[in-house]
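**Student:** heads up, no residue letters with this:
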């Protein structure tokens with residue numbers, strides 16, 4: 001029995017095991033779920049042991065634990081690192097869930113539960129593939145495998161970089177596989193080859209020493225909320241580009257070949273409107289929607305806080321105003337340099353009758369994966385085997401910091417092999433994972449690992 005046959009004959013068991021995983025409310029950001037995080041880490045470790053990994057270890061961190069496993073029984077063969085996460089987002093607003101978020105429910109071809117697609121279902125695909133391959137190879141594997149499954153991805157992977165730098169000998173590989181995303185459509189697989197980085201900041205503007213009566217002092221005090229809005233409005237040009245001097249200096253231009261490849265991805269304004277509900281697109285008009293989403297940097301306002309926001313009225317002139325700002329970055333922008341550029345621009349825009357401060361919160365470097373490599377050729381063939389169609393290449397607008405970290409340390413390809421769909425409601429109520437994608441993902445991953453067992457092994 002080959003690995004495909006084994007996986008097909010065990011679909012029912014795999015599904016029930018996945019349901020058990022999804023029942024654990026491993027919400028990393030909420031302290032009351034600390035015990036659930038430990039329980040989820042142990043569940044993953046137990047599954048890796050049952051799949052036949054040689055070494056399985058739960059590493060504590062100052063936050064939630066990291067699960068590591070390896071199988072090194074194929075000397076001379078390539079080594080592949082598989083990364084994923086077992087933590088999930090909170091479930092709010094709970095009243096919008098049609099079924100309990102931690103009671104997995106079948107709805108047609110969808111399995112509905114928090115974490116079903118992001119990322120428990122996709123992590124579980126690879127665990128089951130290792131089990132299937134060991135059955136097909138008489139208890140062995142055609143290549144060496146390492147797993148790195150963390151519990152803090154949904155809270156910015158606070159301790160992951162420190163762990164990776166401290167355990168490079170355990171993690172070094174000839175290729176990395178990450179399944180934490182979506183394909184273009186059920187009939188059209190896609191491979192993400194570019195991810196944006198990020199600088200996340202907050203801008204605080206202060207005026208009077210305390211809130212004031214707007215009748216007594218309005219018209220004499222520059223309202224910090226208004227001043228903040230004036231500053232924010234000046235951070236974009238009339239053509240919707242970012243009005244921060246030096247912001248684009250290191251932006252790598254899109255060459256004609258890459259623009260042609262991105263143009264092959266079907267994405268109409270109508271589809272964009274269906275996904276967003278917005279009346280029409282905004283942004284840099286000389287770039288397509290796909291290029292704006294993944295290949296151009298941005299500056300966005302993520303939140304505004306100031307004054308009275310309760311029910312009813314209160315005529316207050318606020319003493320301070322705060323904005324959350326994020327910049328999505330593309331190669332070769334540096335998140336720390338961008339922070340300094342924004343800080344200088346805000347300083348220059350701040351009126352003399354208020355004060356301002358820019359504080360950096362989170363940082364991530366952008367990454368681009370070469371699309372011409374033996375490992376990428378294997379990934380293309382694997383999708384063709386699993387989904388029956390050749391994948392298209394895409395850039396994603398989101399951020400996955402580990403990609404840049406692994407590329408920098410190991411100089412090896414990182415393959416972003418997703419099996420979810422864009423309408424899986426990740427981070428939202430009624431998150432789902434389509435079961436066809438779950439099973440096709442297993443087929444794809446079997447073909448992927450068997451193919452990667454034949455790529456050149458790195459030396460030195």
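**Tutor:** Received the coordinates, thanks. As the structure is a computational prediction, the values presented were derived from the model and not from experiment.
**Student:** list the contacts of the closest residue to residue 210 other than its chain neighbours.
**Tutor:** In this structure, residue 210 finds its nearest non-sequential neighbour in residue 319, 5.2 Å apart by CB to CB, 6 or more residues apart in numbering. No exception for glycine: its C-beta is placed from N, CA and C like everyone else's. Contact analysis of residue 319 by CB atoms under 8 Å, 6 or more residues apart in numbering lists 206-212, 224.
**Student:** next: residue 328.
**Tutor:** Contacts of residue 328 (CB under 8 Å, 6+ apart): 196-198, 297-298, 300, 397, 399.
**Student:** same question, residue 153
**Tutor:** Neighbouring residues of residue 153 by CB under 8 Å, 6+ apart: 28, 85, 87, 119, 160, 180.
**Student:** would you map the helices across the stretch 201-350 of the chain?
**Tutor:** With DSSP state H, counting those that start in this stretch as the criterion, the stretch 201-350 of the chain has helices at 214-217, 224-233, 256-263, 269-276, 289-294, 335-349.
**Student:** weakest of these in terms of mean pLDDT?
**Tutor:** Lowest mean pLDDT within those: helix 256-263, at a mean of 86.
**Student:** buried residues in that one?
**Tutor:** Of the residues in helix 256-263, 258, 261-262 count as buried by neighbour count, 16 or more other CB atoms under 10 Å.
**Student:** can you check stretch 313-320 too?
**Tutor:** 317-320.
**Student:** cool, stretch 325-340 as well?
**Tutor:** For stretch 325-340, the neighbour count (16+ other CB under 10 Å) marks 325-331, 333-335, 338-339 as buried.
**Student:** then stretch 226-234?
**Tutor:** Neighbour-count burial for stretch 226-234, with 16+ other CB under 10 Å as criterion, is recorded at 226-232.
**Student:** contacts for that stretch?
**Tutor:** So stretch 226-234 is in contact with 203, 205, 207, 243, 301, 304, 306, 321-323, 325, 346, 349-351, 353-354, 356, going by CB under 8 Å, 6+ apart.
**Student:** 7 Å - rerun?
**Tutor:** Contact with stretch 226-234 is made by 203, 205, 243, 301, 306, 321, 323, 346, 349-351, 354, 356, as judged by CB atoms under 7 Å, 6 or more residues apart in numbering.
**Student:** between those residues, which is nearest residue 54?
**Tutor:** The nearest member of the contacts of stretch 226-234 to residue 54, counting by CB to CB, is residue 301 at 49.3 Å.
**Student:** and for the closest one, the neighbour number?
**Tutor:** Using other CB atoms under 10 Å, residue 301 has 14 neighbouring residues.
**Student:** ok, now which ones touch it?
**Tutor:** Here residue 301 is in contact with 232, 323, 325 (CB under 7 Å, 6+ apart).
**Student:** before we move on, which element is the nearest residue to residue 53 once chain neighbours are set aside in?
**Tutor:** Spatially, and ignoring its direct neighbours in sequence, residue 53 is nearest to residue 69 (4.0 Å; CB to CB, 6+ apart). Residue 69 belongs to strand 66-71 when assigned by DSSP states H and E.
**Student:** got the contact list for that strand?
**Tutor:** Contacting residues not belonging to strand 66-71 are listed as 41, 44-45, 48, 52-59, 141, 144-151, 163, 170 [CB under 7 Å, 6+ apart].
**Student:** try stretch 284-298
**Tutor:** Under the criterion CB under 7 Å, 6+ apart, residues 194, 196, 239-242, 247, 251, 254, 262, 265, 267, 272, 281, 283, 327-330, 333, 394-397 lie in contact with stretch 284-298.
**Student:** residue 225 against residue 321, yeah?
**Tutor:** Yes - if you go by CB atoms under 7 Å, residue 225 and residue 321 touch, sitting 4.3 Å apart.
**Student:** surely residue 252 meets residue 332?
**Tutor:** Yes - with contact defined as CB under 7 Å, residue 252 and residue 332 form a contacting pair (5.6 Å).
**Student:** now the residue sitting nearest the centre point of the chain: how far from residue 375?
**Tutor:** Taking CA atoms, centre = their mean, the centroid of the chain lies closest to residue 400, which sits 4.6 Å from it. Look at residue 400 and residue 375: by CB to CB, to the nearest Å, they are 17 Å apart.
**Student:** worst-scoring helix or strand of this structure, pLDDT-wise?
**Tutor:** Within the chain, no helix or strand scores below helix 256-263, which has a mean of 86 by mean pLDDT, DSSP states H and E.
**Student:** next, count neighbours for residue 267.
**Tutor:** Applying other CB under 10 Å, we find 16 residues neighbouring residue 267.
**Student:** in contact with it, which residues?
**Tutor:** Taking CB under 7 Å, 6+ apart, one finds 289-290 in contact with residue 267.
**Student:** I'd like the distance between the nearest residue to residue 308 once chain neighbours are set aside and residue 321.
**Tutor:** The shortest distance from residue 308 to any non-neighbouring residue, by CB to CB, 6+ apart, is to residue 314 (4.0 Å). Using CB to CB, residue 314 is found at 16 Å from residue 321.
**Student:** now do residue 457
**Tutor:** The gap separating residue 457 from residue 321 is 56 Å, by CB to CB.
**Student:** which of those two has more residues huddled nearby?
**Tutor:** With neighbours defined as other CB under 10 Å, residue 457 and residue 321 compare such that residue 321 has more, 25 against 11.
**Student:** surely the more buried one meets residue 211?
**Tutor:** No - Residue 321 is not in contact with residue 211 according to CB under 7 Å; the separation is 11.4 Å.
**Student:** what do these two both touch?
**Tutor:** With CB under 7 Å, 6+ apart, residue 321 and residue 211 have no common neighbours.
**Student:** so where's this protein shaky on pLDDT?
**Tutor:** For the chain, the stretches with pLDDT under 70 are 459-460.
**Student:** in it, what residue sits furthest out from the centroid?
**Tutor:** residue 216 (48.9 Å).
**Student:** measure that residue to residue 158 for me?
**Tutor:** 45 Å.
**Student:** cool, residue 293 as well?
**Tutor:** According to CB to CB, residue 293 and residue 158 sit 27 Å apart.
**Student:** tell me which of the two has more neighbours.
**Tutor:** More crowded of residue 293 and residue 158, by other CB under 10 Å: residue 293, with 21 against 16.
**Student:** and the gap between that one and residue 180?
**Tutor:** The spacing between residue 293 and residue 180, counted by CB to CB, is 18 Å.
**Student:** that older thread, and the gap between the residue nearest to residue 308 and residue 412?
**Tutor:** In this view, residue 314 and residue 412 are 58 Å apart by CB to CB.
**Student:** quick one on the thing from earlier: quick check: of the contacts of residue 153, which lies closest to residue 10?
**Tutor:** residue 119 (21.6 Å).
**Student:** backbone phi and psi for the closest one, please?
**Tutor:** The phi and psi torsions at residue 119 (degrees, to the nearest 10) take the values phi -140, psi 10.
**Student:** that one is in contact with residue 85, isn't it?
**Tutor:** Yes - judged on CB under 7 Å, residue 119 makes contact with residue 85 at a distance of 5.1 Å.
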